[in-house]
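Enquirer: here is my input; please provide its structure:
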Amino acid sequence: MSITTREFGTTKEGKKVHLYTVKKEDGMEMTVTDFGATLVSLLVADRDGQRQDVVLGYDHLKDYEENRDFFGTTIGRNANRIAGASFAIDGITYHLVANENENNLHTDKQKGFHKVIWETRVLEQEDAVQFSHVSPDGEYGFPGTLQVSVTYTLRDDHAVEISYEGVSDKKTLINLTNHSYFNLRGHDAGDIGDAKVTILANGFTELRQGGIPTGRILPVDGTPMDFRTGRLVKDAIDTDWEQLLLTGGYDHNFVLDTERGKIQKIAQVEDEKTGRVMEVYSDLPGVQFYTGNALLLQKGKGNAAYGRRQGLCLETQYFPNNVNEPAFLQAVFEAGEVYQTTTVYKFLIF
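Expert: Residues are numbered from 1 along each chain as shown. I've put the predicted structure just below:
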């Protein structure tokens, strides 16, 4: 095992950014950066031993400074959507930037956690890199000074473990996620329609216009949302069905069949061509399955042309807009209460 550090470039404001690469003896390799606490690349072997990078991203820092699609980034303070770009805690209303019509998406597209240079600790003994950040009271409109850390660990069982921890000095909303786009045939392999996806969820949160949950949890039975036994992405993604038409494909929160606080398998992605399998584990109640419906044509790593539906996301989370839906589990934490959660992406061969 080795962890190496190298410069990634200088931001527009003149601040240096670094890349950190964790490499295992068997060749699996993970590279992360302190800009946005971002997963930049992940080299994983196929059934023939050929290693390919399976996450979409960029070769240059300047592209991550733009990164409209959030490739690989840590999203915070809140992931996903908040209706009306506002919420109330204990009778006090807090206003966020309305950056997706009248709603808020991923906190702040221009200045969120994905655009911050995080403090870094290289944890050699743990094969890990830890990023930390302090978000001051009132930043992005959220109450409380939030101290938060994100730790990427490359485990011996071919898994990337992402652990989050945070604490605020005021009661506040905390809901982080990682926004990596995966393509198990390689980041430059094109459409992900042939990926076989399993999601261990009996229900999903129904959406209304704008991608905001209605507050109702609908069963997946008999719908294009039923991934319990596995199905190809392409099988039903273009079905003439209201929930898919609203979002141009899959961009929905699935209600996981998990025990609260226990890390369990929640999803799986398989690729028949390469033999790669990615298992996903989480201790959170939901996962956003997104099929890159809004990806615009752009240049990615190695001059690859990225476009619509060329990567898929499985973003573990508290439900979207939970703070405004009393029936949903709230991602609201008391002053001094520790926010702590772990997501694991584990790779196998079949």
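Enquirer: helices of the stretch 51-200 of the chain, residue ranges please.
Expert: 61-66 (DSSP state H, counting those that start in this stretch).
Enquirer: where's Asn322 relative to Thr177, distance?
Expert: As defined by C-beta to C-beta, to the nearest Å, Asn322 lies at a distance of 13 Å from Thr177. In this view, the C-beta of every residue, glycine as well, is placed from N, C-alpha and C.
Enquirer: between those two, who's got more neighbours?
Expert: Thr177 (29 against 26; other C-beta atoms under 10 Å).
Enquirer: pretty sure the more buried one sits against Gly72.
Expert: No. At 11.6 Å, Thr177 does not count as touching Gly72 under the criterion of C-beta atoms under 8 Å.
Enquirer: what's the burial count for Gly261?
Expert: Residues within reach of Gly261, counting by other C-beta under 10 Å, total 9.
Enquirer: mind listing what the nearest residue to it once chain neighbours are set aside touches?
Expert: Distances taken as C-beta to C-beta, 6 or more residues apart in numbering place Asp283 nearest to Gly261, at 5.5 Å, with adjacent residues excluded. Neighbouring residues of Asp283 by C-beta atoms under 8 Å, 6 or more residues apart in numbering: Thr258, Arg260, Gly261, Lys262, Ile263, Gln264, Thr341, Thr342.
Enquirer: what's across from the closest residue to the first one other than its chain neighbours in the sheet?
Expert: Excluding the flanking residues, the one nearest Thr258 by C-beta to C-beta, 6+ apart is Gln264, at 4.8 Å. Using DSSP bridges, the beta-bridge partners of Gln264 come out as Ser282.
Enquirer: for Gln264, what are its contacts?
Expert: Remark: with contacts taken as C-beta under 8 Å, 6+ apart, Gln264 is in contact with Thr258, Tyr281, Ser282, Asp283.
Enquirer: TSV for these, including pLDDT and distance to Val160?
Expert: Formatted as TSV, the contacts of Gln264 follow (pLDDT from 0 to 100; distance: C-beta to C-beta, whole Å):
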residue	pLDDT	distance to Val160
Thr258	87	19
Tyr281	98	11
Ser282	98	13
Asp283	97	16
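Enquirer: quick one: which of those is nearest to Gln125?
Expert: Checking the contacts of Gln264 against Gln125 by C-beta to C-beta gives Tyr281 as the nearest, at 22.7 Å.
Enquirer: now do the residue of the chain positioned farthest from its centre, the pLDDT please.
Expert: In the chain, the residue that sits farthest from the middle, by C-alpha atoms, centre = their mean, is Gly91; the gap is 30.6 Å. Note on Gly91: pLDDT of 97.
Enquirer: mind listing the strands for the stretch 251-350 of the chain?
Expert: 251-256, 264-270, 276-282, 286-290, 298-299, 305-306, 313-317, 332-333, 339-349 (DSSP state E, counting those that start in this stretch).
Enquirer: hey, what's Leu256 bridged with?
Expert: Beta-bridge partners of Leu256, as defined by DSSP bridges: Ala201.
Enquirer: and Asn303, how far from Leu284?
Expert: 36 Å.
Enquirer: of the two, who's got more company?
Expert: Leu284 (24 against 8).
Enquirer: state the distance from the closest residue in space to Arg276 that isn't next to it in sequence to Arg47.
Expert: Excluding the flanking residues, the one nearest Arg276 by C-beta to C-beta, 6+ apart is Leu184, at 4.2 Å. According to C-beta to C-beta, Leu184 and Arg47 sit 11 Å apart.
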